[in-house]
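[1] Here is my input, please return the structure:
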Amino acid sequence: MLPPLAHLRETHLIGPRCREWVLDRDHVPPLRTARLVWVGHGELRPPYRMVRPHSPYSHVVACFGGRGRVLIDGVAVDWRPGQVLLAPVNVLHAFEVAGREPWRIAWVFFDDRAGPPVITGDRTRLVEAEAGDFVAALQMLTREAAGARAPALLQSLVAVVETQARRLAGTEPVDVRLWRLWERVEGDLARDWTGRELAHAAAMSEEHLRRLCQRHLRRSPVAHLTQLRMERACTLLRSTSAKLEVVAQQVGFSSIHTFSGAFKRWSGVPPSAFRAGAAAAEMPGPAAVARENVRLP
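    Now for the predicted structure:
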């Protein structure tokens, strides 16, 4: 049973009999453009429990089998199929399995730092909703990511998942032209994009593109381009041994000095220091609780 509020601590209790199919934005780039951090679905059994006292991401979770419990305003509430949890950013997210049969849920995490909140309000809610399409789209997406990984199909399935999640949350979907633009840009970050070229690629005026970006991303098109370049640079610095000159070129900078200055302004540290810190953080440490989960890809 979920403990009283006063005794709640950050908890990620999975258990060896749980199965999860999870995708993240580092391995499935279309998720990033849709402002999705993680998506997935699971077949969960006791002692599964999740507690996030102040989640940095908003959360849409649909129950489609078995039973669970969730804390709503400090009270443990039964959570059954046909109900969807809408949990805003920076509030308590706390739920667990209830009963012996497998509990089946499907979920997405939205990064609300990059745009208007997907889930409004300041409290977690459990709502009655038909989430069959949302669940089916997530299951199709995880299967495709584990199999053929066709880029066009992954992109389409992410768009369906985002749209269905936003419908459940009752918020406006992102203009599809904006989504397609940044997908194209992410595939060619080495190009010297200008504001005019971005607008042309999106098939809209520069002013309309600026308004859409401010509404959905809370930044200008050029600022979002910089964000994508810096995020890609972080990935390359963490996962490759490429020289800084090569990393700079791959993310659209012709000069290592320009890249280093931009990266330091964005992250607070030079690229070399970021790489050294990332390497130190990945040093192996004591083993955590054993988990038999399926993580994709």
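
[2] partners of residue 107 in the sheet?
    Counting by DSSP bridges, residue 107 forms beta bridges with residue 40, residue 61.

[3] Could you measure from it over to residue 86?
    Using Cβ to Cβ, to the nearest Å, one obtains 11 Å as the distance from residue 107 to residue 86. The way it works is simple: take the backbone N, C-alpha and C, and place the C-beta from them, glycine included.

[4] end-to-end on stretch 11-25?
    Terminal residues of stretch 11-25 are spaced 23 Å apart (Cα to Cα, to the nearest Å).

[5] For it, buried residues please.
    14, 15, 18, 20, 21, 22, 23, 24, 25 (16 or more other Cβ atoms under 10 Å).

[6] Now pLDDT too, for those residues, in a markdown table please.
    Below are these laid out as a markdown table (pLDDT from 0 to 100):
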| residue | pLDDT |
| --- | --- |
| 14 | 89 |
| 15 | 87 |
| 18 | 94 |
| 20 | 95 |
| 21 | 96 |
| 22 | 96 |
| 23 | 96 |
| 24 | 94 |
| 25 | 92 |
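
[7] Those into a markdown table, with extra columns for distance to residue 181?
    Converted to a markdown table, those look like this (distance: Cβ to Cβ, whole Å):
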| residue | distance to residue 181 |
| --- | --- |
| 14 | 38 |
| 15 | 42 |
| 18 | 38 |
| 20 | 32 |
| 21 | 29 |
| 22 | 27 |
| 23 | 22 |
| 24 | 22 |
| 25 | 17 |
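
[8] Next, show the common contact partners of residue 107 and residue 86.
    Shared contacts of residue 107 and residue 86 (Cβ atoms under 8 Å, 6 or more residues apart in numbering): 59, 60.

[9] would you list every one of the strands in the protein?
    Ranges of strands in the chain, per DSSP state E, are 11-13, 19-24, 36-44, 49-52, 58-65, 68-72, 75-79, 83-87, 93-97, 103-110, 125-128, 294-295.

[10] now stretch 264-283: how far from the chain's centre is it?
    Centroid separation for stretch 264-283 versus its chain: 22 Å, with Cα atoms, centre = their mean, to the nearest Å.

[11] which residues sit against that stretch?
    Contact partners of stretch 264-283, identified using Cβ under 8 Å, 6+ apart, comprise 226, 227, 230, 233, 234, 237, 238, 244, 247, 259, 260, 263.

[12] again with stretch 63-83
    For stretch 63-83, the external contacting residues (Cβ under 8 Å, 6+ apart) are 1-2, 4-5, 8, 43-44, 62, 84-85, 92, 94-99, 101-106, 123-132, 135.

[13] switch the cut-off to 7 Å
    Residues outside stretch 63-83 that contact it (Cβ atoms under 7 Å, 6 or more residues apart in numbering) are 1-2, 5, 85, 92, 94-99, 101-106, 123-124, 126-128, 131, 135.

[14] Now the buried members of the residues you listed.
    For the contacts of stretch 63-83, buried by 16+ other Cβ under 10 Å: 2, 85, 92, 94-98, 102-106, 124, 126, 131, 135.

[15] before we move on, back to that, Serialize the strands of the chain to JSON lines and add fields for distance to residue 148.
    Listed next are the strands of the chain as JSON lines, based on distance: least, Cβ to Cβ, whole Å:
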{"stretch": "strand 11-13", "distance to residue 148": "31"}
{"stretch": "strand 19-24", "distance to residue 148": "15"}
{"stretch": "strand 36-44", "distance to residue 148": "18"}
{"stretch": "strand 49-52", "distance to residue 148": "31"}
{"stretch": "strand 58-65", "distance to residue 148": "25"}
{"stretch": "strand 68-72", "distance to residue 148": "33"}
{"stretch": "strand 75-79", "distance to residue 148": "34"}
{"stretch": "strand 83-87", "distance to residue 148": "30"}
{"stretch": "strand 93-97", "distance to residue 148": "33"}
{"stretch": "strand 103-110", "distance to residue 148": "21"}
{"stretch": "strand 125-128", "distance to residue 148": "35"}
{"stretch": "strand 294-295", "distance to residue 148": "17"}
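
[16] From residue 23, how far off is residue 46?
    25 Å.

[17] and the residue nearest to residue 159 when sequence neighbours are not counted, how many neighbours?
    Nearest residue to residue 159, sequence neighbours excluded (Cβ to Cβ, 6 or more residues apart in numbering): residue 179, at 6.4 Å. Using other Cβ atoms under 10 Å, residue 179 is surrounded by 21 other residues.

[18] spatially speaking, which residue is in the middle of the chain?
    With distances taken as Cα atoms, centre = their mean, residue 37 lies nearest the centre of the chain, 0.9 Å away.
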